[in-house]
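1. Quick one, what's the 3D model for this:
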Amino acid sequence: MTTSPPRSDAPWDLSFLRVGALTAAVAAAIAVPVVGLVTGWDDAVGVLGGAVVVTAFFVVSGVVVAWAGRINDSFTLPAALGAFFVKALVLFAVLDALPEDGWLDVVTLAWTVVVGALLWSAVHLRWVWTRQIYYVPPPAPPATGGDPRPPENRAGRG
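-> Okay, the predicted model is just below:
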């Protein structure tokens, strides 16, 4: 008879999405006007579109994995892979539907997706490396109002 490990009541932390979205917004706010002035506004729209695509990808993945993890930790990998597969299919369909010489430069969008994914990955890695993440349930907080010493050290020595 196999018993499952006890579930933690700790919520899944999605605060990296806020940091990643802010970083992507700042990078896009700088890159869009620069690219627009240097190479053209169809390229700038491609940069903006790429930033939106990457941000949407990371947000959807984070939410799906957190949702699956609340149900059972073993569902997180299939949820992540399934979400990636669906997002890739949608992205390929959208890119295929775009006209080659339209208002959006598809090559610039594709390169922005690559650079944006690397940027988001770096932000996410830094977020993980700087968080205090427990691999076991965290210790209980100390009791308030009592003697902070362990019971064996409370008795006075004569």
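
2. For the rest of this, base every contact and every neighbour count on C-alpha atoms.
-> OK.

3. Please, which helix or strand holds residue 44?
-> Assigned by DSSP states H and E, residue 44 falls within helix 41-71.

4. how about that helix: buried residues?
-> 41-55, 57-70 (16 or more other CA atoms under 10 Å).

5. how about the nearest residue to residue 25 once chain neighbours are set aside, what does it touch?
-> Spatial nearest neighbour of residue 25, excluding adjacent residues (CA to CA, 6 or more residues apart in numbering): residue 51 at 7.7 Å. The contact partners of residue 51, by CA atoms under 8 Å, 6 or more residues apart in numbering, come to 24, 25, 28, 112, 113, 116.

6. The fourth one and residue 45 touch, don't they?
-> No. The criterion here is CA atoms under 8 Å, and residue 112 misses it with residue 45 at 10.6 Å.

7. can you pull the contacts of residue 38?
-> Counting by CA under 8 Å, 6+ apart, residue 38 has no contacts.

8. can you tell me how far it sits from residue 25?
-> 20 Å (CA to CA, to the nearest Å).

9. and which of the contacts of residue 51 is nearest residue 83?
-> residue 113 (17.1 Å; CA to CA).

10. Settle this for me: residue 70 is touching residue 12, isn't it.
-> Yes. Counting by CA under 8 Å, residue 12 is a contact partner of residue 70 at 7.4 Å.

11. Could you report the pLDDT at the nearest residue to residue 55 once chain neighbours are set aside?
-> Nearest-residue entry for residue 55: residue 21, 6.2 Å, with adjacent residues in sequence omitted and distances by CA to CA, 6+ apart. Looking at residue 21, its pLDDT stands at 94.

12. got the phi/psi numbers for residue 21?
-> Main-chain torsions, residue 21, degrees, to the nearest 10: phi -70, psi -40.

13. residues near it, how many?
-> 20 (other CA atoms under 10 Å).

14. what separates it from residue 96, distance-wise?
-> Remark: distance between residue 21 and residue 96 (CA to CA) = 26 Å.

15. What of residue 16?
-> 31 Å.

16. Okay, buried residues for stretch 103-121 please.
-> For stretch 103-121, using 16+ other CA under 10 Å, the buried residues are 104, 105, 106, 108, 109, 110, 112, 113, 116, 117, 119, 120.
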